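> Generate a structure from the sequence data that follows.
(chains A and B)
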Amino acid sequence: MAKKTNRSVLMQGNEAIAKGALAAGIDFFGGYPITPSTEIAEIMSEELPKIGGKFIQMEDEIASISSIIGASLSGAKAMTATSGPGVSLMAEGIGFAKMVEAPCVVVNVMRGGPSTGSPTKPSQADIMQARWGNHGDAPAIVLYPNSVLESYQLTIRAFNLAEKYRTCVIVLSDEVLGHMREAVTLPNMKDVNIINRIKPNIPPEWYKHYSKNPKYISPFASYGEGYRFHVTGLAHDEYGFPTNRADETQELMDRLKEKVTHNLDDIIQVEAYRMEDARSVIFAAGISSRAAKEAVIKARKSGRKVGMLRPLTIWPFPDAILKKYMNNVRRIYVPELNQGQLINEVKRVMGSIWNYTNTKSHSIIPIQKNSGQLITPDEIVNIMKEKK
Amino acid sequence: MQNIPQKIVQGKYLRHKKNFPHVWCPGCSNGIVLGAIIRAMAKLEWKRSNTAMVSGIGCSSRMPVYVDLNTLHSLHGRAIAYATGMKLYKPQMNVMVVTGDGDATAIGGNHLIHAARRNIDITVVLINNYIYGMTGGQYSPTTPTGDKATTTPYGNLDPTFDICKLAMGAGATFVARSSAYHAIEANNFIRKGFEHKGFSLVEIISACPVIYGRLNKKGSPADMMRSMKKNVIPQKSYDKLDEKQRNGKMIRGILQDIDKPEYCEVYDELVQSLQNKKGNK
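Got it, this is the predicted structure:
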């Protein structure tokens, strides 16, 4: 028995995200108030100055994302937290972070949209925004926890992935997940794996800020360390200087894509629950997966072979894992708090395996809600009964 | 460093890899301002590795690629916000922003006033050429009323910004204006801006002969230089003019130079006091 185990504490989801960021070694937070994410900024404003970190409330969300990218390029582990309307404003900056490969973390505590929508109600309608929010092609790494403890864990993981793959990583949460309280036992810090960016160990005159690397993970310097490099949102060469050359532009775009697609095993996490003999599957993420799990338990009690697949990494979408489990499955239920975002991805993946549109035996069934209320386990169970 | 020939000074601060020739048109003032910035850095003996130049989007914002510093060519209007993050995280770094009239006062106006309000130690060198040059000549918040731009074919209806007054109103602690014609003065003002502890803004009135000049029949680059000489005048000369004569004239000189607590220092004091508290416990 370890002498000192951390005590179980009652904690809110947003608090867990802030604690996770602090555990990951955050030293810069730039934010702007927005419901339902504000607690994260409030905790940061209290905690960061204590440890010499920097907190600043910027004049808007555009300035927030800009400030964290500026700090990140100077060497900071940087984060901002907002909700859907804020992410809309940050879209250009998120694309910039991906283009210039500045590690940073953006938390989106989702609320009802579009526009001002329902600020105090949960939603899962920003799943596609998290993928395609910025203009132009760029891969997205997006994580979505479903509990307070996991909010803590995945925030740490988001920082690790951002530092490792030099990109902007988005953590999705939602109003309920952000504000609900659960008893959690935080791990000892020595058990937490923290990844920091790899620093170059070559002389500055040899340094290339965007050098190619077979594993797509190359060392990179920060401003003010003697490696004077150029960063631009224009298409750029290995040194970071703007280029109009077709070969260099194609190479850049390929590398941005491949650094994610070549490391899917490292990035993707999926929880499989009671999938061993499942004939029906509930595919759910985030807060909806809590109801999904309960529905599996209930359905199993009445003898149905139901399982659940839950992506913790929403983007890149876990195509391979979905395919692996789907040989025996005939029905996929997709509960989500939107008008159909995850379900289209499931259809895209299953389309290559099933010809589900023409057969009665295979189907993908939406369970969708936009009212600002959660989907309940009973609602899922009842729909499963109808489909028998 | 004064005795070293100018060529060598400039050579030290410029990048030699594949970036030249530059993108600016013949007769453009941006090169004069780049020269002034380099001379100011050289005079203060700023270390290149400890100096950052941040820009947004536009003609002037292409400047960072040419200088051998920590350089960031960021998003349209956002340079000051990026610089704020850099400066706050690494206060020991010298951070300057090079921007234009459209970049800083239209799309980036919000960041300009709030950085001025915070009094964060950033120097903004604002090159005011009265036009959006990079996109081919649309009117900006400083295009004089009545002037032609590609989006004001009937003449500009908008009243204009006085950028220096805007910055002073927002709380900037060092504000100066000069022109590309008054190159030595511009050079000195930029140096003073660099030396100033707190937010500083140096507006350099500049010439865009190829786009603004051509649209408004301002003549050759030399003619535009002459008009800068005539129209950008010291306070004393301005005071002597009557209301009618003041039309189209701008005041050059140091318009604001005051001391106020600098943002990063205030933040550090907070950090110190919190850590002392912790130590006392």
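
> show me what contacts B:Val271?
Residues near B:Val271 by Cβ atoms under 8 Å, 6 or more residues apart in numbering or on different chains: A:49-50, A:52. Where you see a C-beta, it was placed from the backbone N, CA and C, and this is true even at glycine.

> A:Ser218 too?
If you count contacts by Cβ under 8 Å, 6+ apart, A:Ser218 has them with A:198, A:210-212.

> Could you rerun that using 7 Å?
Shown in contact with A:Ser218 (Cβ atoms under 7 Å, 6 or more residues apart in numbering or on different chains): A:Ser211.

> Quickly note the distance from it to chain B.
Separation of A:Ser218 from chain B (Cβ to the nearest Cβ, to the nearest Å): 19 Å.

> tell me which element that residue falls in.
Per DSSP states H and E: A:Ser218 is located in neither a helix nor a strand.

> Kindly report the same for A:Phe159.
Going by DSSP H and E, A:Phe159 is in helix A:148-165.

> Give me the contact list for that helix.
For helix A:148-165, contacts defined as Cβ under 7 Å, 6+ apart pick out A:11-13, A:16-17, A:19-21, A:23-24, A:77, A:103-105, A:141, A:143, A:145, A:168-169, A:171, A:173, A:177, A:180, A:182, A:184, A:186, A:192-197, A:217, A:259-260, A:263, A:267, A:312.

> Can you report how many residues neighbour B:Ala183?
When neighbours are counted by other Cβ atoms under 10 Å in any protein chain shown, B:Ala183 registers 18.

> what pLDDT does the residue lying closest to it once chain neighbours are set aside get?
In space, and not counting its chain neighbours, B:Ala183 is closest to B:Ile32: 5.5 Å by Cβ to Cβ, 6 or more residues apart in numbering or on different chains. Per-residue pLDDT puts B:Ile32 at 96.

> now do B:Gln2
At B:Gln2, the pLDDT value in this model is 51.

> likewise A:Lys4?
59.

> do B:His114 as well
pLDDT, read off for B:His114, is 98.

> Same question for A:Asn358.
54.

> Now do the SS call for the residue of the stretch 101-250 of chain B found nearest chain A.
The stretch 101-250 of chain B approaches chain A most closely through B:His114 (4.1 Å), counting by Cβ to the nearest Cβ. What DSSP: H, G, I helix; E, B strand; the rest coil gives for B:His114 is helix.

> what residues are up against the closest residue in space to it that isn't next to it in sequence?
In space, and not counting its chain neighbours, B:His114 is closest to A:Glu59: 4.1 Å by Cβ to Cβ, 6+ apart. Contact analysis of A:Glu59 by Cβ under 7 Å, 6+ apart lists B:110-111, B:114.

> Buried ones in the longest helix seen in chain B, by neighbour count?
Secondary structure of chain B read by DSSP state H shows that its longest helix is helix B:263-280. Residues of helix B:263-280 classed as buried by neighbour count (16 or more other Cβ atoms under 10 Å in any protein chain shown): B:263-264, B:267, B:271.

> Extract the CA atoms of it and return them as PDB.
What follows is helix B:263-280, C-alpha atoms only, in PDB (Å, rounded to 0.1, in the frame of the first residue of the first chain):
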ATOM      1  CA  TYR B 263       2.000  45.700 -17.400                       C
ATOM      2  CA  CYS B 264       4.500  42.900 -17.200                       C
ATOM      3  CA  GLU B 265       6.200  44.500 -14.200                       C
ATOM      4  CA  VAL B 266       2.900  44.900 -12.400                       C
ATOM      5  CA  TYR B 267       2.200  41.300 -13.100                       C
ATOM      6  CA  ASP B 268       5.600  40.200 -11.800                       C
ATOM      7  CA  GLU B 269       5.000  42.200  -8.600                       C
ATOM      8  CA  LEU B 270       1.800  40.200  -8.100                       C
ATOM      9  CA  VAL B 271       3.600  37.000  -8.600                       C
ATOM     10  CA  GLN B 272       6.300  38.100  -6.100                       C
ATOM     11  CA  SER B 273       3.800  39.100  -3.500                       C
ATOM     12  CA  LEU B 274       1.900  35.800  -3.800                       C
ATOM     13  CA  GLN B 275       5.100  33.800  -3.500                       C
ATOM     14  CA  ASN B 276       6.300  35.900  -0.500                       C
ATOM     15  CA  LYS B 277       2.900  35.100   1.100                       C
ATOM     16  CA  LYS B 278       3.400  31.500   0.500                       C
ATOM     17  CA  GLY B 279       6.900  31.700   1.900                       C
ATOM     18  CA  ASN B 280       5.700  33.300   5.100                       C
END
